[in-house]
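Asks: All I have is the shape, not the residue letters:
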């Protein structure tokens with residue numbers, strides 16, 4: 001996949017020199033965020049680094065975008081974004097890189113690195129200037145943010161419908177999401193045979209959106225989970241009959257993953273309302289099926305917009321952990337119990353069970369500059385602490401509360 005993407009990017013650069021029309025733009029955010037408990041780390045998405053305490057780099061970023069139009073039919077676009085991600089290579093910096101063929105005003109095709117379009121802010125998810133929050137709600141995006149990009153192709157149809165505008169998109173390809181941290185180790189998910197589809201209808205002040213994704217899950221790098229799985233597999237079945245089923249469930253290559261979401265947005269000169277609900281389905285212990293939701297209300301008062309957001313992600317079923325069953329007569333009983341403890345920790349640091357309440361203010365200083373303040377209160381249950389982590393894993397085995405403060409300044413250029 002990496003070599004193919006490099007070829008695509010190099011092709012775009014060679015094409016730039018021949019472009020007849022071009023545009024350059026960019027965006028940037030300088031942000032400071034901190035938590036009330038300095039022993040708890042938090043991050044923007046699962047692909048970003050975990051950081052404890054206050055940080056200027058956790059949610060800061062800078063992006064540039066180049067758009068070249070050859071004629072009315074062909075154009076290319078490349079977007080690079082530098083941010084606090086796990087990977088720092090060229091492919092990680094490349095958020096978008098595609099060539100588009102416009103058949104007519106309604107139908108177009110793209111090939112390259114594309115945005116998946118799974119939620120309302122997909123087209124500007126990194127441009128803080130374009131949305132109301134200082135920190136977008138973590139809970140509903142913990143899955144979809146890991147598949148923001150698809151390497152492949154898509155088809156888009158857009159046209160007027162009644163008094164509004166209708167748009168439909170379907171994309172095909174694959175994506176990879178490195179999720180490494182000091183607790184997971186070098187861990188990377190791959191989504192293969194990915195198909196994503198979304199439809200959107202906008203009318204006056206309203207936008208309605210439906211999205212869906214299906215993919216086969218592949219664990220490209222196993223990290224600390226690989227050590228757990230290898231340990232489970234090393235126990236003879238005669239001493240632990242369940243070990244084969246447990247190991248298979250923890251490394252589900254080819255497992256079907258499905259994601260569905262619905263969103264609504266209302267915006268006029270005074271009010272803003274946004275809400276999305278989603279469900280993620282995968283029979284996998286490390287990231288079990290979950291439902292997520294958020295709702296945001298903002299009130300514009302000249303250049304200042306105060307807002308409030310509620311959000312949550314809850315497992316569809318109880319997060320299962322292995323029971324301790326020490327058999328003194330079993331010669332490998334202590335080893336099995338050590339593996340059970342390690343397995344339960346692995347499940348606890350990936351599954352997610354969390355609610356949040358956020359209040360904030362957006363101040364539009366001028367058309368290009370925005371300052372934001374936001375305060376979050378988050379409640380997390382164990383197991384299910386996948387978006388917040390504690391320095392001592394043993395201390396996460398209780399319901400936790402943490403406050404997060406955020407201030408940022410954003411611009412577009």
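Replies: Arrived safely. Note that the structure is predicted; figures quoted are calculated from it, not measured. Residues are numbered from 1 along each chain as shown.

Asks: Can you give me the distance of the residue lying closest to residue 49 once chain neighbours are set aside to residue 306?
Replies: Spatial nearest neighbour of residue 49, excluding adjacent residues (Cβ to Cβ, 6 or more residues apart in numbering): residue 84 at 5.3 Å. Every C-beta, even on glycine, is put in place using the N, C-alpha and C of the backbone. Look at residue 84 and residue 306: by Cβ to Cβ, to the nearest Å, they are 28 Å apart.

Asks: Show me which of those two is the more surrounded one.
Replies: The neighbour comparison of residue 84 against residue 306 (other Cβ atoms under 10 Å) goes to residue 84, with 19 against 16.

Asks: And that one, its phi and psi?
Replies: Dihedral angles of residue 84 (phi, psi; degrees, to the nearest 10) stand at phi -80, psi 60.

Asks: what's the distance between it and residue 48?
Replies: 5 Å.

Asks: Need the residues touching each of these two.
Replies: residue 58 (Cβ atoms under 8 Å, 6 or more residues apart in numbering).

Asks: how near is the residue lying closest to residue 53 once chain neighbours are set aside to residue 358?
Replies: Closest residue in space to residue 53, ignoring its immediate chain neighbours: residue 38 at 5.0 Å, by Cβ to Cβ, 6+ apart. Computed as Cβ to Cβ, the residue 38 to residue 358 distance reads 20 Å.

Asks: and what of residue 71?
Replies: Taken as Cβ to Cβ, the span from residue 71 to residue 358 is 46 Å.

Asks: One more: residue 140?
Replies: Distance from residue 140 to residue 358, by Cβ to Cβ: 12 Å.

Asks: okay, and the common contacts of those two?
Replies: Common contact partners of residue 140 and residue 358 (Cβ under 8 Å, 6+ apart): residue 311.

Asks: What ranges does the stretch 301-413 of the chain have for its helices?
Replies: Applying DSSP state H, counting those that start in this stretch to the stretch 301-413 of the chain gives helices spanning 333-348.

Asks: Now for residue 206: which residues touch it?
Replies: Contacts of residue 206 (Cβ under 8 Å, 6+ apart): 264, 265, 266.

Asks: so what's residue 109 bridging to?
Replies: Residue 109 has these beta-bridge partners by DSSP bridges: residue 101, residue 155.

Asks: Does it touch residue 99 like I think?
Replies: No. With contacts counted by Cβ atoms under 8 Å, residue 109 stays clear of residue 99, the gap being 9.1 Å.

Asks: which one of those two has more residues nearby?
Replies: residue 99 (20 against 14).

Asks: so where does that one fall, helix or strand?
Replies: Assessed by DSSP states H and E, residue 99 sits inside strand 94-102.

Asks: Tell me how far stretch 207-221 lies from the chain's centre.
Replies: Here stretch 207-221 shows a centroid-to-chain-centroid distance of 11 Å under the convention Cα atoms, centre = their mean, to the nearest Å.

Asks: Hmm, I typed the wrong one, I wanted stretch 236-246.
Replies: Using Cα atoms, centre = their mean, the offset of stretch 236-246 from its chain centre is 35 Å.

Asks: start to end distance for that stretch?
Replies: One end of stretch 236-246 to the other measures 13 Å (Cα to Cα, to the nearest Å).

Asks: Show me which residues of that stretch are buried.
Replies: Residues of stretch 236-246 classed as buried: 240, 243, 246 (neighbour count, 16 or more other Cβ atoms under 10 Å).

Asks: Quick one: mean pLDDT for that stretch?
Replies: Stretch 236-246 comes out with an average pLDDT of 73.

Asks: Do I have it right that residue 44 meets residue 135?
Replies: Yes. When contacts are counted by Cβ under 8 Å, residue 44 is listed as touching residue 135 (7.5 Å).

Asks: where do the contact lists of these two overlap?
Replies: Common contact partners of residue 44 and residue 135 (Cβ under 8 Å, 6+ apart): residue 59.

Asks: one step back: and residue 71 and residue 358? Which one has more around it.
Replies: Higher neighbour count among residue 71 and residue 358: residue 358, with 23 against 9, using other Cβ under 10 Å.

Asks: That one pairs with what?
Replies: residue 309, residue 376.

Asks: List the residues that contact it.
Replies: By Cβ under 8 Å, 6+ apart, residue 358 lies in contact with 133, 135, 137, 308, 309, 310, 311, 374, 375, 376, 377.

Asks: Now tabulate those residues in a markdown table and tack on neighbour count and pLDDT.
Replies: What follows is the contacts of residue 358, written out as a markdown table (neighbours: other Cβ atoms under 10 Å; pLDDT from 0 to 100):
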| residue | neighbour count | pLDDT |
| --- | --- | --- |
| 133 | 22 | 97 |
| 135 | 24 | 92 |
| 137 | 23 | 91 |
| 308 | 13 | 99 |
| 309 | 24 | 99 |
| 310 | 16 | 98 |
| 311 | 24 | 97 |
| 374 | 22 | 98 |
| 375 | 16 | 98 |
| 376 | 24 | 97 |
| 377 | 14 | 96 |
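
Asks: Go through the residues you listed and name the one nearest residue 294.
Replies: residue 311 (3.6 Å; Cβ to Cβ).

Asks: Is it correct that that closest one is in contact with residue 277?
Replies: No. Counting by Cβ under 8 Å, residue 311 stays clear of residue 277, with 10.5 Å between them.

Asks: what do the two both touch?
Replies: When contacts are counted by Cβ under 8 Å, 6+ apart, residue 311 and residue 277 are jointly contacted by 140, 292, 293.

Asks: out of those residues, which are inside helices?
Replies: Using DSSP state H, the members of the shared contacts of residue 311 and residue 277 that fall within helices are residue 140.
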